[in-house]
Structures are given as structure tokens and as C-alpha cells.
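Visitor: I would like to see how this sequence folds:
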Amino acid sequence: MANIRKFATLALATLAVTATQAQTVTVDKTGITAGSYTSIADALASSASEIVVKNTGVYNEGVLITRSVIVRGEDPNNRPVIAMKGLTTQPALGPGDGVFIGGDGNTTNDLDITFRDFILIPATSGGPTDDCMSVTPNPGALLKLNLTNVLCAPNDGSDKPLATSVWDNPDFNAPGVVRIPDDGIYLMDDQFSGFAGDIQATIKDVTFVGVGGSNAGGDAFVLYPGRLGRASLTLSGLGASYSSRYATQTSTISNLTVSGTRSNPGWVARKNGVGLIFFAAGDVTLDHVVATDNNDCGMRIDADSNKSLTMTNSFFAHNKFQGITIPYAPDAPKTFSISDTTFYNNDAGNNDIYSLELGADGTADLTVNVTDCIFAGSDSEAIQNKGAANVTAKNCAFVTAGPDALPGTVSNVTEIASVNADPQFVNTNTNPLSPTSFDVQNTAYATASSTGGRLNGWGDGPGSAVRDWSVY
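Guide: Numbers count the residues shown, from 1 in each chain. You can find the predicted model right below:
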């Protein structure tokens, strides 16, 4: 009897291990891996809780995810390529997207979905007719999304990405190039009838290059996650370049947090139609944001529908119009704060527009504190307060000497302890992540910050021994 019990216990343990192992399955385009699927769609049709995709060939398929699951490339440093087909059917926001993530609309189930470590390109034939990816929860439900280490770029015609970074300058007119026709990611909380759901999204190290094509309405990131208290956006390492319209448009009453470092900024918006647009949010916290060479403003944040702004360690340069614009009258007393940021040669279109501009409809309910920032460049003026907002610039540099002197400084702004000396930038490379770019050499800046230390703006300053970042 003892041996029978022992055998039964061993058999049950073996079954338990087998069941656990069955929760992870492998996708191998070649089919060489024993027990693997050859397509992502077939693996998603299983009940596996984790799907690991090998980089053994290009996966020509659309991806439809409507259940809680982890779908990831096997090696984050050797990401599989999905040449996306346009989905012919999808629960919402379609058809025609390359990837759909979210609810099926038939239940109110909460979902927890991870999609990471992939390169997405449109297929050369039968590719997306709409967005690269769309995201929406079940009605009234919560969708937790982890989207990490994903590149979406045009197909170069041979099933390879035309670009791998926002700093690339691809030739979109080269023979065979195929672009995403509309948005990069379209994340929306209310695409099913009934109550809107909510999305808690963590999006990290995700880049979109060249979305929109000839469509003038192509945006890289469209983010509308839902309600304050349940929905949230936690963003870092994002990039958008050559979008036909916006790098992002965000509207939500939830809080928004963007974080980064100099080596991996929270958000880079380069050479888009418009940079970053925040239509509505709760508390907006931005760290290490970069907006350069956009065909309109670098960033717009509306005073009437965003609760607050705290922005640090950021960089705005060579945008055709404003570096940052803050339009509209606030609906309640609000404080926007900007610190340790460099503004350089915005208004590249020579339109007599300022690096930081507050709209004529601004009222005394809006307080804007600008601290330890550097404003420079012969093409742009510094701060213009067109309305009645309370704007204070403390320990800022408004450069009036040297080759990067401003044509004008401030209008309707209270200045405290300003610096006007030439910062003597080591170089003014448009890519601010290049070594020594926008580092300050003039020792007049060595004790000029609000804390008595170096006034650096985005870069390093006089007396810096070691840079804390490397080439991007």
C-alpha cells in the first residue's frame, strides 16, 4: 500500500510539473524547436500564459491579443521581426491594424497583457491599412498593459526596418519602402458600447518612425487611458520621428508621468509635424524630454485642462514655432513649473515667436515658475506672456552676448537673478545626446543656479568632472 501511495504521489507531482511547463510555449518560424508553433496566431489560440517568439525568420502576420498573456521576443537584444498583415477583423478600432491588444467586447473581464521585445514593420503586401497597433479595454473593465522594447518603422522593401532610431534620417522615397498609413499606437478607453473601461499602461523603450506616410493625420502616440484614480500612464524611453502630424496627443484625466535619463530620455520628439501635445491630464510630470526640429511647436500643454505641470532636465531646439506653448485660460488656480531646461533656436521659421509662450487668454489663476533654465540662439526670443498669467523666471540665463545671443528676452515676466553672459557652449549639435552637446564652459555660470551651484540647463556646466550620460 505504501508503494501504491508513493507512486500515486509521484504521478500527481509529474502532472503538476507538466501543467506548469505547458503555460509557456515557443514560436519558431522554422518549426525546428520541438513542440513549437510556427506562428504567433497559433500560439495565441492556445491557453498558454506566456508565448516566447524566437528570431528565426520574419513573421508575416497580424497579431490579435484578447486575453491575459505575455507575448515576448526570446532575446531583447535580438528582437524578432513581425511584418504585420492588416487584421481583417478585430473587436474594435479597425479593421486594418497590424496589432490589436485588448478586450473582445463580449465580456467585462479585466486583462493583464505584456507585449515586448519586437520589431514591427508593415508587410510589403497586405499590410496595415490603419494603425500599427490599437489598444482598448473591455467595457467597464481594467486593462493593464506592459509595452516594452518595441520598434515600429517602415519596411525597407526587404522585410527589414528602414530605421532603428529616432536619430536616423531614412529615405522614405527609396524603392520598395512601405510605411504605416496612420497612427503608431492608438490607445483608447471607450471603444465598446456601455461604460468606458480604463487602462493602466507602462510603456517603455518604444519608438515609432515615419508613421502616417502621405496621410496628414498620422500620430505616433495617441493616448487616452481613462479616469483619474484608476487609469494611468507611466512612460519612459519613448521616441517619435517623422510622424506626419503629432509625436503624441494625450487626453486623459488620469495622471501622466514621463521619466528618463540623459542617455535614455523619457521622450524624444524629432522631425514630426508637431511635437508633444497634452490636451488634458491630471498632474503631468515630465523628466528628460527632448523636442527638436519639429515642423511646428516642440510641446503644447493646455492650461485649461491639465491640472499641473512639473518638467525638469529637458531640451527644446530648432522647432519651427515655439519650444513650448501654453494656451487657454485655466479653469482653476494652477501652477506649472519648468526647471533645468535648455531652449535653443526655436522659431526656426523666423515667425517672431518665443521659445516659451503663454497665450493671450491666460489669467492670474495660472502661475508659471521657470527656474535654472537657459534660453539662447539667434533665431528665437525667450519668454512671452501674452495674457495675465503670473510668470517668474528665477536664476535663468537669457543670453545677450556672443554668437548665441537672443534677439529679445522676456515680455511680462518677473526676473530674479538672471544671467546674460555667453554660455560658451562646447557645441550646439542638434542631437543633444552627442558628447559635450550644449555643455556650458563659461565660469560665470559656475555658481549661478538657484542652489548656488552650476547653471547647466540640459547640459553639463563649468566644473563638471564626469558626464553622467553617453552617446544615445
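
Visitor: Run through the bridge partners of the residue positioned nearest the centre of the chain.
Guide: Centroid check for the chain by CA atoms, centre = their mean gives Leu238 as the closest residue, at 3.4 Å. Assessed by DSSP bridges, Leu238 has beta-bridge partners Trp267.

Visitor: need the contact list for it.
Guide: 203-207, 221, 258, 266-268 (CB atoms under 8 Å, 6 or more residues apart in numbering). Just so you know, the C-beta spots here come from the backbone N, C-alpha and C atoms, and that holds for glycine as well.

Visitor: pLDDT score assigned to the nearest residue to Arg227 once chain neighbours are set aside?
Guide: The shortest distance from Arg227 to any non-neighbouring residue, by CB to CB, 6 or more residues apart in numbering, is to Asp198 (5.6 Å). Note on Asp198: pLDDT of 92.

Visitor: Number of residues surrounding Asp198?
Guide: Using other CB atoms under 10 Å, Asp198 has 25 neighbouring residues.

Visitor: from memory it sits against Pro137, does it?
Guide: Yes: Asp198 lies in contact with Pro137 (CB atoms under 8 Å); the separation is 6.5 Å.

Visitor: what is in contact with the two at once?
Guide: Common neighbours of Asp198 and Pro137 (CB under 8 Å, 6+ apart) are 143, 189, 226.

Visitor: Run through the bridge partners of the residue nearest to Arg227.
Guide: Bridge pairing for Asp198 (DSSP bridges) gives the partners Leu142.

Visitor: any idea how far it lies from Pro333?
Guide: 28 Å (CB to CB, to the nearest Å).

Visitor: Return the set of residues that bridge with Tyr354.
Guide: With DSSP bridges as the rule, Tyr354 is bridged to Glu381.

Visitor: ok now do it, which residues does it touch?
Guide: Here Tyr354 is in contact with 322, 346-347, 380-384, 411 (CB under 8 Å, 6+ apart).

Visitor: Report pLDDT for it.
Guide: 88.

Visitor: any idea how far Ile40 is from it?
Guide: Counting by CB to CB - Tyr354 and Ile40 are separated by 49 Å.

Visitor: Same check on Glu74?
Guide: Following CB to CB, the distance that separates Glu74 from Ile40 is 12 Å.

Visitor: swap in Val410?
Guide: Applying CB to CB to Val410 and Ile40 gives a distance of 55 Å.

Visitor: Among the contacts of Leu238, which are located in strands?
Guide: The strands, defined by DSSP state E, take in 203-207, 221, 258, 267-268 from the contacts of Leu238.

Visitor: give me the low-pLDDT residue ranges for the stretch 251-400 of the chain?
Guide: For the stretch 251-400 of the chain, the stretches flagged by pLDDT under 70 are 253, 349-351.

Visitor: again, only using 90
Guide: For the stretch 251-400 of the chain, the stretches flagged by pLDDT under 90 are 251-256, 262-263, 279-282, 347-354, 360, 362, 378-381.

Visitor: Val58 is in contact with Ala83, correct?
Guide: Yes: counting by CB under 8 Å, Ala83 touches Val58, with 5.1 Å between them.

Visitor: Next, show the common contact partners of the two.
Guide: With CB under 8 Å, 6+ apart, Ala83 and Val58 have common neighbours Asp159.

Visitor: and these two? which has more neighbours close in?
Guide: Legend: neighbour count by other CB under 10 Å for Ala83 and Val58, higher for Ala83 (22 against 18).
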